[in-house]
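**Student:** When you get a sec, could you give me coordinates for this:
(2 chains)
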Amino acid sequence: ETGVTQTPRHLVMGMTNKKSLKCEQHLGHNAMYWYKQSAKKPLELMFVYNFKEQTENNSVPSRFSPECPNSSHLFLHLHTLQPEDSALYLCASSQGPLANTGELFFGEGSRLTVL
Amino acid sequence: GENVEQHPSTLSVQEGDSAVIKCTYSDSASNYFPWYKQELGKRPQLIIDIRSNVGEKKDQRIAVTLNKTAKHFSLHITETQPEDSAVYFCACGGGSNYKLTFGKGTLLTVNP
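**Tutor:** Okay, the predicted model is just below:
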């Protein structure tokens, strides 16, 4: 029943693998986000897309490559990851700028383990 | 950039007591202050937010207060219940942008 759906929910990959995380929102929102959640750390913004255009790249290493083909879909392509990249990756969407329109709607997250 | 400090990192209260979580921020341009609740294994969800043109906002058992001069804001939960047990995150944002800076979170445990 969530408006933001993420797949897969769990992913285990080796450092040389290539995988992708997928996010879909059914809320008619214009902005989509990737956040990284690690233990004992604040939620870290990775990327923001507004109307398919990237508006934020928070100094994320190039081994993480986002793709936003339309306002409803967001991907995070993973390549040559490190064990420290193991975390919960949360996708979110919003109607517009947060200070104006408020709420981030999060997905359930994709739990990534890099061996 | 913005820096958000959140305290305490863990908080344990008895059912029916009040709980207070405090956050401080550094950027005086911040004007939007939401609080998110994340239950174990679940996604974060907005529970209340406040904008800098008001000093206090209340929604049933939860309230948020904002002191822009001192650059701090607080979450107050009264008459706590076991289902309030979760991690609570404060955040700051501002202007016409999409960036929120989050605190590290507070693990609240309400003991029956």
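**Student:** I'd guess A:Ala99 is in a helix, am I close?
**Tutor:** Yes. Judged by DSSP: H, G, I helix; E, B strand; the rest coil, A:Ala99 forms part of a helix.
**Student:** where's the nearest residue to it once chain neighbours are set aside relative to A:Leu43, distance?
**Tutor:** Leaving aside its chain neighbours, A:Ala99 sits nearest to B:Tyr32 (3.9 Å; criterion: Cβ to Cβ, 6 or more residues apart in numbering or on different chains). C-beta: built from backbone N, CA, C; applies to glycine. Look at B:Tyr32 and A:Leu43: by Cβ to Cβ, to the nearest Å, they are 16 Å apart.
**Student:** the more surrounded of these two?
**Tutor:** Using other Cβ atoms under 10 Å in any protein chain shown as the criterion, B:Tyr32 and A:Leu43 rank with A:Leu43 on top: 24 against 20.
**Student:** roughly how far apart are the more buried one and A:Tyr35?
**Tutor:** Using Cβ to Cβ, we find A:Leu43 at a distance of 5 Å from A:Tyr35.
**Student:** what sits in contact with each of these two?
**Tutor:** Common neighbours of A:Leu43 and A:Tyr35, using Cβ atoms under 8 Å, 6 or more residues apart in numbering or on different chains, are A:Leu90.
**Student:** Just the strands from chain A, written as ranges.
**Tutor:** Taking DSSP state E, the strands of chain A run over residues A:4-7, A:10-13, A:18-25, A:31-37, A:44-50, A:53-57, A:64-70, A:73-79, A:87-94, A:105-106, A:110-114.
**Student:** Lovely, talk soon.
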